[in-house]
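Chemist: No letters, just coordinates:
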Ligand SMILES: Nc1ncnc2c1ncn2[C@@H]1O[C@H](COP(=O)(O)OS(=O)(=O)O)[C@@H](OP(=O)(O)O)[C@H]1O
Ligand SMILES: [Mg+2]
Ligand SMILES: [Mg+2]
Ligand SMILES: [Mg+2]
């Protein structure tokens, strides 16, 4: 990964995200094939959380502390142990403990060290709850969304594992695991229930899906690795392929993506923007930061998200995706054209209306203009 200030951090982060992807695949297969949903819970805000969300947070927290123990590890992450510690969550907690230990036992496959003995419940709860940093403009903070797009995850569809490092308020590393990223970009637009694509739960080697992408600030390069698949006795090999944004700058040929759920973005506003831009294609609605991955890989040109006013975007929903798109040659700003500010704590404070990511400056300038023009005439 070249000589740089963050070589060790990036190396550990990429390996641990590979481990997390494997964990998620196993849990997702179980969820999709099971008739009960006792490994999925609702949080106080009615959003979903699963065994995978807590388990990934635990393994990332544990691995970062163990592997980078010469530094104090500050982690800002989505999950806490509130729901998991409730008296009626014993079954869930047992599932998390088993999932975490099963995953950590495989660490040597990824060139990392397993714990000497299986972690106990309290160690795992501690690893999860230690990710309670609030970030900010001083020092180093890891930013983790253990499962982004939990709804997609539960549906057997797209989701991502997102890990970034922020130093003095700036993102310096981003790693994005996309376990269901399809081999053919056309399959991104198919829901998992579609008859025309291989089933998401098909882990055979004939359909190699999934990747881990990563980038480091200022390198001008973004990279992608295939997931380590199946039961093959792989030893870690760091084969990576460079990714770059699309060169399409004609809106008529461009693909734009947006969140699936109406609750998370204003579909009719983005449809108006798309119309005035002259986009011809239907929007690509995909769960999670896989949308950023699609821009970085050149499979789509635009990502727009306009959350309801009053909703504050969280840094873990964007950090890894933003740096990967930028280093792959793209542009990410708020709807006013200003860079996103990751230095103000848990939220993207001061965000102007929404988030736009584009494959290049030509589309970006047009898009910002189209958002301004559409804003006044909309009743957002
Ligand atoms: N009301 C509202 N508005 C906007 N955004 C919200 C809202 N509520 C939640 N979230 C965050 O959206 C994250 C999921 O984004 P997606 O792009 O995957 O959404 S969608 O499922 O495709 O609709 C999701 O991330 P995860 O919780 O990690 O799945 C949330 O952080
Ligand atoms: Mg969530
Ligand atoms: Mg998220
Ligand atoms: Mg999440």
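Modeler: Cool, got the structure. Keep in mind it's a predicted model, so treat the numbers as computed, not measured. Ligands and ions are numbered 1, 2, ... in the order given.
Chemist: Grab the nearest non-local neighbour of residue 303.
Modeler: Distance criterion CB to CB, 6 or more residues apart in numbering; nearest residue to residue 303, sequence neighbours excluded, is residue 357 at 4.1 Å. Backbone N, C-alpha and C define where each C-beta goes, glycine included.
Chemist: Next: residue 278.
Modeler: Nearest to residue 278 is residue 251, by CB to CB, 6+ apart, at 4.4 Å.
Chemist: ditto for residue 149
Modeler: Closest residue to residue 149 apart from its sequence neighbours, by CB to CB, 6+ apart: residue 288 at 2.6 Å.
Chemist: So the one you found belongs to a helix, correct?
Modeler: No - using DSSP: H, G, I helix; E, B strand; the rest coil, the secondary structure at residue 288 is coil, not a helix.
Chemist: Show the contacting residues for it.
Modeler: The contact partners of residue 288, by CB atoms under 8 Å, 6 or more residues apart in numbering, come to 148, 149, 152, 158, 159, 160, 178.
Chemist: Kindly report the same for residue 367.
Modeler: 273, 277, 302, 304, 356, 358.
Chemist: and the last one, what are its phi and psi?
Modeler: Residue 358 adopts backbone torsions of phi -130, psi 160, taken as degrees, to the nearest 10.
Chemist: Look up the pLDDT of the residue of the stretch 201-350 of the chain found nearest ligand 3 for me, please.
Modeler: Closest approach between the stretch 201-350 of the chain and ligand 3, counting by CB to the ion: residue 317, at 4.2 Å. At residue 317, the predicted lDDT confidence score is 98.
Chemist: could you check the distance from it over to residue 292?
Modeler: 10 Å (CB to CB, to the nearest Å).
Chemist: Same check on residue 186?
Modeler: Residue 186 is 19 Å from residue 292, where distance means CB to CB.
Chemist: Who has more neighbours out of these two?
Modeler: For residue 186 versus residue 292, neighbours defined as other CB atoms under 10 Å are more numerous around residue 292 (33 against 11).
Chemist: what's near enough to touch that one?
Modeler: 176, 303, 318, 320, 321, 322, 324, 325, 332, 357.
Chemist: how about a cut-off of 6 Å?
Modeler: Taking CB atoms under 6 Å, 6 or more residues apart in numbering, we find residue 292 in contact with 321, 325.
Chemist: For the protein, which segments are assigned as strands?
Modeler: For the chain, the strands defined by DSSP state E occupy 40-42, 48-50, 75-77, 140-148, 160-167, 170-178, 211-216, 222-226, 241-243, 256-258, 284-285, 302-305, 331-334, 355-358.
Chemist: can you list the ones you listed in a markdown table and add mean pLDDT?
Modeler: Output for the strands of the chain, formatted as a markdown table (pLDDT from 0 to 100):
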| stretch | mean pLDDT |
| --- | --- |
| strand 40-42 | 89 |
| strand 48-50 | 94 |
| strand 75-77 | 98 |
| strand 140-148 | 98 |
| strand 160-167 | 98 |
| strand 170-178 | 98 |
| strand 211-216 | 98 |
| strand 222-226 | 96 |
| strand 241-243 | 97 |
| strand 256-258 | 97 |
| strand 284-285 | 96 |
| strand 302-305 | 98 |
| strand 331-334 | 98 |
| strand 355-358 | 98 |
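Chemist: mind checking which of the ones you listed is nearest ligand 2?
Modeler: strand 48-50 (6.1 Å).
Chemist: interface residues of the stretch 101-250 of the chain facing ligand 2?
Modeler: Contact residues (CB under 5 Å from the ion) of the stretch 101-250 of the chain with ligand 2: residue 150.
Chemist: Below-threshold pLDDT in the stretch 101-250 of the chain: ranges please.
Modeler: For the stretch 101-250 of the chain, the stretches with pLDDT under 70 are 190-207, 229-235, 238.
Chemist: who in it is up against ligand 4?
Modeler: With CB under 5 Å from the ion as the criterion, the stretch 101-250 of the chain meets ligand 4 at residues 145, 147, 148.
Chemist: What residues does the last one make contact with?
Modeler: By that I understand residue 148. For residue 148, the contact set (CB under 6 Å, 6+ apart) comprises 160, 162, 288, 289.
Chemist: filter those residues to the buried ones?
Modeler: Applying 16 or more other CB atoms under 10 Å to those, the neighbour count classes 160, 162, 288, 289 as buried.
Chemist: Hmm, the first one is touching residue 180, no?
Modeler: No - the pair residue 160 / residue 180 is not scored as a contact, 9.1 Å apart, by CB atoms under 6 Å.
Chemist: From residue 162, how far off is the residue nearest to residue 65 when sequence neighbours are not counted?
Modeler: Counting by CB to CB, 6+ apart, residue 73 is the residue found nearest to residue 65 once chain neighbours are left out, at 5.1 Å. Distance, residue 73 to residue 162, using CB to CB: 17 Å.
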